[in-house]
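**Q** task: produce atomic coordinates for the following.
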Amino acid sequence: MDAPSLEFPPVGLGTMGIDDPAVIETALELGYRHLDTAQIYENESVVGEGLARALESNAVDRDDVTVATKVWADSLAPEDVRRTTRESRERLGLETVDLIYVHRPIDTYDPERTLPAFDDLVADGFTRHVGVSNFTVDELERAREILDEPIAAHQVEYHPLFQPEGLLEHAREHGYPLVGYAPLSGGRVRDVEAVAEVAAKHDTTPEAVALAWLASKEGLVTIPKASSRAHLEANLEAVELELESADIGRIDGLEREEELFPE
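**A** Reported below is the predicted structural model:
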């Protein structure tokens, strides 16, 4: 099943490590409309509080914000999927979470048992959409065979130093967005010669170039983490940078081996 009705802005907010609701509130005030968290980040309540503050101040409408969380690998048995999702909803302060991912297909993940439990989350109003994260193409195909719901998004590590093969093509073929995390290579984009040279050419930062490079790819959105107002603003502005095809080609051609978050 394809063609889910879920669209993301080019840049959302990755929240791993954010422990202050004010960061979330500021992000929403600045125009962020995609908030990404996870059970294992242990900050769903922080994200929920920041969202609640922004809603209370009328900085944003709830219908305009996509809130995503992920069920961790130790909770993918059907009964744990339901229990932990209920707990996530309570921490986020939401009756319905917009998107819930299978965080990693490891540990207690069993496609035949786990994925129907995610279908049930939609049927019972716990979430609007089902996503997967850190899957291979083969795992994606298996999930598509089992799920009644379409895969609404696939979240993977994606940055200049790690460009996984085949995943963006699969996303495009089946009409769902690829959500790239760790887009700044854990801060290492500043030390990548090709990225730094493109940045100098455009009189901007390597971080802005990395985000603009990601934004140039059809079907790919990204979720950099930022805590300061200046970095939050800079990340939003980065996607306005228009790279030349030669710039994109240089970064496309980098060695793709530095995975920050292997299984």
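**Q** ok, which stretches of the stretch 151-263 of the chain are strands?
**A** 151-157, 178-181, 220-222 (DSSP state E, counting those that start in this stretch).
**Q** so which of these is nearest S133?
**A** strand 151-157 (4.1 Å; C-beta to C-beta). (Glycine included, C-beta is placed from N, CA and C.)
**Q** tell me which strands that closest one pairs with, and in which orientation.
**A** strand 127-133 (parallel), strand 178-181 (parallel) (DSSP bridges).
**Q** save those as TSV, and put in distance to V81, mean neighbour count and mean pLDDT too.
**A** Formatted as TSV, the strands paired with strand 151-157 follow (distance: least, C-beta to C-beta, whole Å; neighbours: other C-beta atoms under 10 Å; pLDDT from 0 to 100):
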stretch	distance to V81	mean neighbour count	mean pLDDT
strand 127-133	11	24	98
strand 178-181	20	24	98
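**Q** mind showing which ranges of the protein have poor pLDDT?
**A** Within the chain, the ranges that satisfy pLDDT under 70 run 1-5, 256, 263.
**Q** switch to 50 and redo it
**A** Residue ranges of the chain with pLDDT under 50: 1-4.
**Q** turn the strands of the stretch 151-263 of the chain into JSON lines, including distance to L55.
**A** Converted to JSON lines, these look like this (distance: least, C-beta to C-beta, whole Å):
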{"stretch": "strand 151-157", "distance to L55": "23"}
{"stretch": "strand 178-181", "distance to L55": "23"}
{"stretch": "strand 220-222", "distance to L55": "23"}
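**Q** what about these, which gets the closest to E42?
**A** strand 178-181 (17.0 Å).
**Q** then stretch 220-229 to PDB, C-alphas only?
**A** The C-alpha coordinates for stretch 220-229 follow below in PDB (Å, rounded to 0.1, in the frame of the first residue of the first chain):
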ATOM      1  CA  LEU A 220      14.200  13.800   1.400                       C
ATOM      2  CA  VAL A 221      13.600  16.000   4.500                       C
ATOM      3  CA  THR A 222      15.900  16.500   7.500                       C
ATOM      4  CA  ILE A 223      15.700  17.000  11.200                       C
ATOM      5  CA  PRO A 224      18.800  18.700  12.600                       C
ATOM      6  CA  LYS A 225      19.000  19.100  16.300                       C
ATOM      7  CA  ALA A 226      19.500  22.700  17.600                       C
ATOM      8  CA  SER A 227      19.100  24.300  21.000                       C
ATOM      9  CA  SER A 228      20.000  28.000  20.600                       C
ATOM     10  CA  ARG A 229      17.700  30.500  18.800                       C
END
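**Q** what residues are up against V23?
**A** Going by C-beta atoms under 8 Å, 6 or more residues apart in numbering, V23 touches G50, A226, S227, L232.
**Q** ok, now L243?
**A** L243 touches V198, H202, V209, A212, W213, S216, counting by C-beta under 8 Å, 6+ apart.
**Q** can you tell me how far the most centrally placed residue in the chain is from H154?
**A** Nearest to the geometric centre of the chain sits V179, at 4.4 Å (C-alpha atoms, centre = their mean). Counting by C-beta to C-beta, to the nearest Å, the gap from V179 to H154 is 7 Å.
**Q** quick check: neighbours shared by those two?
**A** With C-beta under 8 Å, 6+ apart as the test, V179 and H154 both reach G131.
**Q** now do the SS call for the residue nearest to T127 when sequence neighbours are not counted.
**A** Nearest non-adjacent residue to T127, counting by C-beta to C-beta, 6 or more residues apart in numbering: I100, 4.3 Å away. At I100, secondary structure determined by DSSP: H, G, I helix; E, B strand; the rest coil is strand.
**Q** hmm, back to that, can I get the strands paired with strand 151-157 in TSV with distance to D80?
**A** As requested, those are arranged in TSV below (distance: least, C-beta to C-beta, whole Å):
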stretch	distance to D80
strand 127-133	15
strand 178-181	23
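**Q** good, wrapping up.
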